[in-house]
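Chemist: pasting a predicted model and its sequence here:
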Amino acid sequence: MRIRFVLGEIGQGLRRNLSMTVSVILVTFVSLAFVGVASLLQTQIGKMKGDWYDKVEVTVFLCPTDSSATTCASGAVTDAQRADIEKALKAPEVAPLIEKTYFETQDEAYASFQKRFAGQSFASVLTAADMNSSYRIKLTDPTKYQVVADVVSGLPGVEEVQDQRQLFDRLFLVLDRATLLAGGLAVVMLLAAVLLITTTIRLSALSRRRETGIMRLVGASNWFIQLPFVLEGAIAATIGAALAVGALWLGVKYLVTDWLGRSLTGVAYVTTTDVLAVAPVLIAIAIALAALSSLVTVSRYTKV
């Protein structure tokens, strides 16, 4: 009987403030969608770092015939200079950090360049002598790049030492900033959702002051009086959270997995499984915010 009464009060409250309830649902949906996007962006960054950082190499570019670098003042790298570079890479403080080393000749670099830029007008102008021979170094720990760079940088015959991670760091910086933006918007929208929930519950409580007064006179407890109001906010917020999870699932399924995954292969993308992992957190945030804001509001406006 009590459960039926509480459900009836919830339905009555939602109907009386239908427009406000819809507003709560929409604002909660948008705010939690931003929270989900921020979380999925961080998951995507983690996957890309874990996948790409393990594959990146340190490249030691050797001096070609014509180079303006001070370490290339004597011209193209000599056999003696190459021997010194290889000796430096085999030094006790460096050797344990190197998993594999591959030497690419100028001819191999030229063949790779021509294959990559086939059909481009500038490709026909260059010759093998214009290419850099190089050492491609696979590290056991990609974060130890600087140790290798410090050992070989500045040696005669070394034009440049390049860490491929630096190329990816720019992309990760953009994604991190996008995460911060999404997180900031989520905070603003969550604040708006809290304010809307408190306003909706306040209006509902004021419109039913006569009923709550009668309930108090017949001995109803504070919790029994306040429960329908709290559940109204929680239900509206939960619907908004469910819509946010659905939108994220559809976005990842059709935009990331089906479209982006087929257009740009070789990248570990977030999946719908990641969305389902975030879903309980989003729903919990919605229920907690709604319940707390409703409880605070209703405890003030249901006093008779």
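Modeler: That came through fine.

Chemist: which residues in the stretch 101-250 of the chain form strands?
Modeler: 134-139, 158-163 (DSSP state E, counting those that start in this stretch).

Chemist: can you put those strands in TSV and add mean pLDDT, distance to Leu62 and mean neighbour count?
Modeler: All C-beta spots, glycine's among them, are computed from the backbone N, C-alpha and C. As requested, the strands of the stretch 101-250 of the chain are arranged in TSV below (pLDDT from 0 to 100; distance: least, CB to CB, whole Å; neighbours: other CB atoms under 10 Å):
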stretch	mean pLDDT	distance to Leu62	mean neighbour count
strand 134-139	87	6	20
strand 158-163	85	6	20
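
Chemist: so which of the ones you listed is nearest Gly75?
Modeler: When the strands of the stretch 101-250 of the chain are compared by CB to CB, strand 158-163 sits nearest Gly75, at 11.5 Å.

Chemist: so what are the domain limits for this protein?
Modeler: 2-52+169-301, 58-163 (automatic domain parsing).

Chemist: next, the distance between the ends of the shortest one.
Modeler: When you say that, I think you mean domain 58-163. 5 Å (CA to CA, to the nearest Å).

Chemist: so how far is it off the chain centroid?
Modeler: Centre-to-centre, domain 58-163 and its host chain are 34 Å apart (CA atoms, centre = their mean, to the nearest Å).

Chemist: so which of the domains of the chain is the most packed in?
Modeler: Of all the domains of the chain, domain 2-52+169-301 carries the top mean neighbour count, a mean of 17, counting by mean count of other CB atoms under 10 Å.

Chemist: ok, back up a step: least reliable of the domains of the chain by average pLDDT, please.
Modeler: For the domains of the chain, the weakest mean pLDDT is recorded on domain 2-52+169-301, namely a mean of 75.

Chemist: what residues are up against the nearest residue to Leu26 once chain neighbours are set aside?
Modeler: Leaving aside its chain neighbours, Leu26 sits nearest to Gly240 (6.9 Å; criterion: CB to CB, 6 or more residues apart in numbering). Gly240 makes contacts with Val24, Ile25, Leu26, Val27, Thr28, Phe29, Ser31, Leu32, Ala193, Ala286, as judged by CB atoms under 8 Å, 6 or more residues apart in numbering.
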